[in-house]
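Peer 1: Fold the stuff below for me.
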Amino acid sequence: MAKRTYKIPTVLSSEELMDKAFHRASKISVSGVNFLDAKKKTTLAKITASGDIIKDTLDGYVNSFPRIEKDEDFLPELVDLVIGIDDYKKSLGALNWTSARIEKLKNESLRNIRRSKDPEIIESVKNQFYGRASSFIKQISSDLLFLQEAKNKFRNLPSIESNVATVVVAGFPNVGKSNLVTVLSTAAPEIAPYPFTTKGIIIGHIEDGWRKYQIIDTPGLLDRELSERNDIEKQAILALKYLTHVILIVLDPSETCGYSMEKQLALLKSVENGFPGVPIIVAESKNDIMRTGNPDRICFSAATGDNVETLRAEIIRHLKNVEFPEDEEEDA
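Peer 2: Below you'll find the predicted structure:
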């Protein structure tokens, strides 16, 4: 699957939508063989135009927003966290319902006008259409505002390729994860901010010949129960849960990150218990400041570049073994 892109138009407020529809309709004038004929044709055109504008605009919103199912993959849970899937679906449903009601109201009004030969009745039908259409639109005022906010949040969601072998970098804040992702990446990593924080997931790529791998730096993953975690920490958990084929745990033995090695090792243990079967690479950062000499861990320094290539080779060695369902089908 390619990177997700969202081409969602600006969502008008209820007042802007009514002004768009009724202002354009007010400019319509159709000539006829006599006063009644002109009145009927003009009114039919006004109702048709305004009704179509409202319906087409609402349908356009519904069709442009992505359809999301909770059990799909990483994105739905992230959207649920950032936007709220239930409210999101409710608002789209409200727009869809209003579009259908406007279309039905338009057709009923057009039939009544075509049957009438009384200019006053024709004017009355038009006014009733405008009034009821306005009422329908006002009922979805909050839904339109919600979807405009959702549109802005979708724009900030990360573009993550789900069929690319991925290593997720985890560890306490300030242990050196972001610097490592930067030096390992072939280009400047993409920083994907979120509406509720200046922090966010950082996405980079590692290349090995013609193959490309994904490396993702998660916000600080703290060693606490899920119910105690904040939204930033939940993002890291989502990344680990849905995106990772390999986990890279970065430890800071110098403890200049502000966390003791005891706490960092407790986090390592909780990740090992929580992700059985997932390859876990444990590396120690800031070896230009301090190293423990543990032979089972690669000690590196993103600042000096020491052992960064060794760590890159170890990451690629694990990622090369990742297979996807489509790969297995091709082999068959």
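Peer 1: from here on, contacts and neighbour counts on C-alpha atoms
Peer 2: OK.
Peer 1: tell me the contacts of the closest residue to residue 268 other than its chain neighbours?
Peer 2: Nearest non-adjacent residue to residue 268, counting by CA to CA, 6 or more residues apart in numbering: residue 249, 6.9 Å away. Taking CA atoms under 8 Å, 6 or more residues apart in numbering, we find residue 249 in contact with 169-171, 268, 280-283.
Peer 1: try residue 260
Peer 2: Contacts of residue 260 by CA under 8 Å, 6+ apart are residue 253.
Peer 1: Against residue 172, how distant is it?
Peer 2: Residue 260 sits 10 Å away from residue 172, going by CA to CA, to the nearest Å.
Peer 1: Where does the prediction get shaky in the stretch 201-332 of the chain?
Peer 2: 219-228, 232-233, 235-236, 238-240, 325-332 (pLDDT under 70).
Peer 1: What segments of it are strands?
Peer 2: 211-217, 246-251, 280-284, 298-299 (DSSP state E, counting those that start in this stretch).
Peer 1: Output the contacting helices and strands for the third one.
Peer 2: Other helices and strands packing on strand 280-284, by 3 or more CA pairs under 8 Å, 6 or more residues apart in numbering; DSSP states H and E, are strand 246-251, strand 298-299.
Peer 1: so where do the helices sit in the chain?
Peer 2: 14-26, 35-64, 74-82, 85-115, 119-139, 141-155, 177-184, 231-242, 261-274, 308-319, 325-331 (DSSP state H).
Peer 1: mind listing what's buried in the longest one?
Peer 2: In this case it means helix 85-115. 85, 88-89, 91-92, 94-96, 98-99, 102-103, 105-106, 109-110, 113 (16 or more other CA atoms under 10 Å).
Peer 1: How about residue 121, nearest residue that isn't a chain neighbour?
Peer 2: residue 113 (7.8 Å).
Peer 1: ok, now which ones touch that neighbour?
Peer 2: 40, 44, 121-122, 125.
Peer 1: ok, of the residues you listed, which one's closest to residue 288?
Peer 2: residue 44 (78.9 Å; CA to CA).
Peer 1: got the contact list for the closest one?
Peer 2: 110, 113.
Peer 1: bridging residues for the closest residue to residue 170 other than its chain neighbours?
Peer 2: Leaving aside its chain neighbours, residue 170 sits nearest to residue 249 (5.0 Å; criterion: CA to CA, 6+ apart). Listed beta-bridge partners, residue 249: residue 170, residue 282 (assigned using DSSP bridges).
Peer 1: And residue 249, how far from residue 298?
Peer 2: For residue 249, the distance to residue 298 (CA to CA) stands at 11 Å.
Peer 1: now residue 296, nearest residue through space, not along the chain?
Peer 2: Nearest one to residue 296, counting by CA to CA, 6+ apart, is residue 282 at 8.0 Å.
Peer 1: burial count for the one you found?
Peer 2: Residues near residue 282, counting by other CA atoms under 10 Å, number 18.
Peer 1: what about stretch 276-285, distance to the chain center?
Peer 2: Relative to the centre of its chain, stretch 276-285 is centred 28 Å away, using CA atoms, centre = their mean, to the nearest Å.
Peer 1: Now do the buried residues in it.
Peer 2: 279-285.
Peer 1: List the contacts of that stretch.
Peer 2: Against stretch 276-285 from outside (CA under 8 Å, 6+ apart): 175-176, 245-253, 272, 291, 296-302, 311, 315, 318.
Peer 1: Generate a ChimeraX selection restricted to the buried subset of the residues you listed.
Peer 2: What follows is the ChimeraX syntax selecting those of these that are buried according to 16+ other CA under 10 Å:
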select :175,176,245,246,247,248,249,250,251,252,253,272,291,298,299,300,301,302,311,315,318
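Peer 1: now the residue nearest to residue 296: how far from residue 251?
Peer 2: Residue 282 is 7 Å from residue 251, by CA to CA.
Peer 1: Take the helices of the chain and write them to TSV, including distance to residue 204.
Peer 2: TSV is the format used below for the helices of the chain (distance: least, CA to CA, whole Å):
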stretch	distance to residue 204
helix 14-26	41
helix 35-64	28
helix 74-82	17
helix 85-115	28
helix 119-139	44
helix 141-155	19
helix 177-184	7
helix 231-242	14
helix 261-274	22
helix 308-319	13
helix 325-331	23
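Peer 1: Of those helices, which is nearest residue 215?
Peer 2: helix 177-184 (6.8 Å).
Peer 1: That closest one packs against which elements?
Peer 2: By 3+ CA pairs under 8 Å, 6+ apart, helix 177-184 packs against strand 197-208, strand 211-217, helix 308-319.
Peer 1: about what we covered before: which one, of the helices of the chain, ends up nearest to residue 209?
Peer 2: Once the helices of the chain are compared by CA to CA, helix 308-319 is nearest, at 11.0 Å.
Peer 1: and that closest one, what does it pack onto?
Peer 2: Looks like helix 308-319 contacts strand 166-170, helix 177-184, strand 246-251 (3+ CA pairs under 8 Å, 6+ apart).
Peer 1: so which of these comes closest to residue 8?
Peer 2: Using CA to CA, the nearest of the helices and strands packed on helix 308-319 to residue 8 is strand 166-170, at 28.1 Å.
Peer 1: Distance check, the residue nearest to residue 296 against residue 168.
Peer 2: 12 Å.
Peer 1: Perfect, that will be all.
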